[in-house]
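Engineer: Structure, please.
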Amino acid sequence: MSDENPAPPFVYDGLDPVPEPRSALAEVAGALKEAVHRLGDAIDAGKKPGRPLSILSNIAREAPLGSLLIAFLLGVAVARRR
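Structural biologist: Model prediction:
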């Protein structure tokens, strides 16, 4: 037998360290950042040639008054339904 005792472990086996609690504000901020990132990616994907946002921007660039008239008429139609 030896006189040396083994050193106890610093962390108990099988237990994970307790995660640091996050405030509600930090969780909301993280969720908002993720949503903005996903929205930006969706807009960038829609601006590629041949996609709907690209087509709409080309139409608005070629005929701005016609696009404004259509947007106004759509707004009136939606407002009357309510």
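Engineer: Can you report how many residues neighbour Ser67?
Structural biologist: Applying other Cβ atoms under 10 Å, we find 15 other residues in the vicinity of Ser67. For every residue, glycine as well, the C-beta is placed using N, CA and C.
Engineer: Over to it: give its phi and psi.
Structural biologist: Backbone geometry at Ser67, expressed as degrees, to the nearest 10, gives phi -70, psi -40.
Engineer: what's the answer for the one 5 residues further on, then?
Structural biologist: The phi and psi values for Phe72, taken as degrees, to the nearest 10, are phi -60, psi -50.
Engineer: how close does it get to Ala63?
Structural biologist: As judged by Cβ to Cβ, to the nearest Å, Phe72 and Ala63 stand 14 Å apart.
Engineer: how about the helices of the chain, start to end?
Structural biologist: When assigned using DSSP state H, the helices of the chain occupy the ranges 24-46, 52-62, 64-81.
Engineer: Lowest mean pLDDT among the helices and strands of the chain, which one is it?
Structural biologist: When the helices and strands of the chain are compared on mean pLDDT, DSSP states H and E, helix 52-62 comes out lowest with a mean of 90.
Engineer: Report the central residue of the protein.
Structural biologist: With distances taken as Cα atoms, centre = their mean, the chain has Ala35 as the residue nearest its mean C-alpha position (1.9 Å).
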